[in-house]
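Asker: Sequence and predicted structure, then a few things I'm wondering about:
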Amino acid sequence: MSEMLEHLCTLLEAELARQGEVYQACLAQRAAVARQDIAQVEQSAKAINALIRAAKAAERERLHVVGEIVQTFQLPLEQQTLTGLIQAVPEPWRHRLAVFQAELRRIVAATRAQAHELSRSIQYALRAANEAMGALTPRMERPYDARGVKSAPLGLAPALIDQRG
């Protein structure tokens, strides 16, 4: 049993490190957005996606190990959570798992906050870009026919800046 619990702790330690890398990548991406460094934004997005794929792959092994531990302790369905596992296992595993749980919650919450701020920054940048484009290419009024029905598709008025700039 102690080998399975030790293996679970190793897997959780790796996940904690991976989540720390996701957090750092989110920080880098947010800084890149602020600098308008598109190449760095894309690089950070690729790093985050790779870390997410790695987390999904690691989850399969972690669930397998947790399943074996759950069977050993014969935990009921409602207790087959990390919290339930913490309550069921003896020390020193109880303490170690509780520390992993607290740290994972902390880093995931911090990452979620960074992702939210990043989303707000990107939405602001998009709005500003759309407003700038709107100023450069104002829409022409649609002509109406005698019945008051729009008869022509919406077109673009001449741009403020021609193609030569």
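Answerer: Structure's in. What do you need? Numbers count the residues shown, from 1 in each chain.

Asker: Spatially nearest residue to the residue nearest the centre of the chain, not counting backbone neighbours?
Answerer: Closest residue to the average C-alpha location of the chain: A115 at 6.0 Å, with CA atoms, centre = their mean. Closest residue to A115 apart from its sequence neighbours, by CB to CB, 6 or more residues apart in numbering: C26 at 5.8 Å. Every C-beta, even on glycine, is put in place using the N, C-alpha and C of the backbone.

Asker: Pull the contacting residues for that neighbour.
Answerer: Neighbouring residues of C26 by CB atoms under 8 Å, 6 or more residues apart in numbering: S44, I48, T111, Q114, A115, L118.

Asker: Next, find the distance separating the second one from Q114.
Answerer: To tie it back to what came earlier, the one meant is I48. Applying CB to CB, to the nearest Å, the value for I48 to Q114 is 11 Å.

Asker: do R18 as well
Answerer: In this structure, R18 lies at 16 Å from Q114, with CB to CB as the measure.

Asker: likewise H64?
Answerer: Computed as CB to CB, the H64 to Q114 distance reads 31 Å.

Asker: Mind listing residues that contact stretch 78-93?
Answerer: Applying CB under 8 Å, 6+ apart, the external contacts of stretch 78-93 come out as S2, L5, C9, V66, I69, V70, F73, L75, R94, L97, A98, Q101.

Asker: And the lowest mean pLDDT element among the helices and strands of the chain?
Answerer: Ranked by mean pLDDT, DSSP states H and E, the weakest helix or strand in the chain is helix 93-136, scoring a mean of 88.

Asker: quick one: it to chain centroid distance?
Answerer: Here the centre of mass of C-alpha atoms in helix 93-136, compared against the chain's by CA atoms, centre = their mean, to the nearest Å, lies 7 Å away.

Asker: and H64 and Q114? which has more neighbours close in?
Answerer: Between H64 and Q114, counting by other CB atoms under 10 Å, Q114 is the more crowded of the two (18 against 11).
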